[in-house]
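> below are the sequence and a predicted model; questions follow.
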Amino acid sequence: MTNLNPSLAPSLVLSAAVGITTAITAPQYVGASLAFAGGLIGGSAVAREKTQKKAREQETAIRVTSCFSSLYESNRGIIDPVQLAFLSNVSVDKAHDFLTALAENNNGQKVPVKTGVGVVFSYPHTQAALDELTANAKKWAQDQTQQMAAELDEHKRAIQYLQLQQAAARSSNQVKDEPSPWENVRPSV
């Protein structure tokens, strides 16, 4: 069932009243009254079409913004106009125009795509910033631990070298200090 124009019924009633009144009182002006009725009904249809077009545009805007929001969160601020157009059921040109206007107002950037044709749009995203900060912190910590690990290995080698020197010194001292069992022996009488 289609939605009838709410202003159509009053337009028809008014047109019929004017037409009947004109036909009774001044039949020579019936053509003018019919033109009036046609204009009134046409104006009603134009107003209805304008209302429907505005409602369709509002529905499209809601679809595009909700798809944009979900893509923004799932892709961490990177939006492809083709993907947005497909998911929100609009043309790629409309999606591209929407993303361009949004980028101009919200510090977004166009990023050329290496493979394929076109661009993607990058918008500031807190999760992406947190991920970048976390990656930078991990890299810094790894650099610091690598430097400390290298220093620790150097100290271990130095300690091992000193331990080997001490062991060699002890072993050489033990060999020299032992008396020979055949020297300095007195015969027993």
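Arrived safely, thanks for sending.

> tell me which stretches of this structure form helices.
For the chain, helices defined by DSSP state H occupy the ranges 8-25, 30-74, 81-88, 92-105, 126-177.

> look up which residues are beta-bridged to F121.
I79, K110 (DSSP bridges).

> give the contact list for it.
Residues in contact with F121 (C-beta atoms under 8 Å, 6 or more residues apart in numbering) are 78-81, 99-100, 102-103, 108-111. Where you see a C-beta, it was placed from the backbone N, CA and C, and this is true even at glycine.

> now do 6 Å
F121 makes contacts with 79, 99, 103, 108, as judged by C-beta atoms under 6 Å, 6 or more residues apart in numbering.

> quick one: which two of those residues are the most distant?
Maximum pairwise distance in those, criterion C-beta to C-beta, is 9.2 Å, between I79 and A103.

> neighbour count: the two, which is higher?
Ranked by neighbour count (other C-beta atoms under 10 Å), I79 and A103 place I79 first, with 21 against 17.

> outline the domain layout of this structure.
Domain assignment for the chain, taken from automatic domain parsing, gives 1-73, 75-124, 125-173.

> will you turn those domains into CSV that also has mean pLDDT and distance to E183?
Shown next, in CSV, are the domains of the chain (pLDDT from 0 to 100; distance: least, C-beta to C-beta, whole Å):
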stretch, mean pLDDT, distance to E183
domain 1-73, 80, 93
domain 75-124, 81, 87
domain 125-173, 78, 19
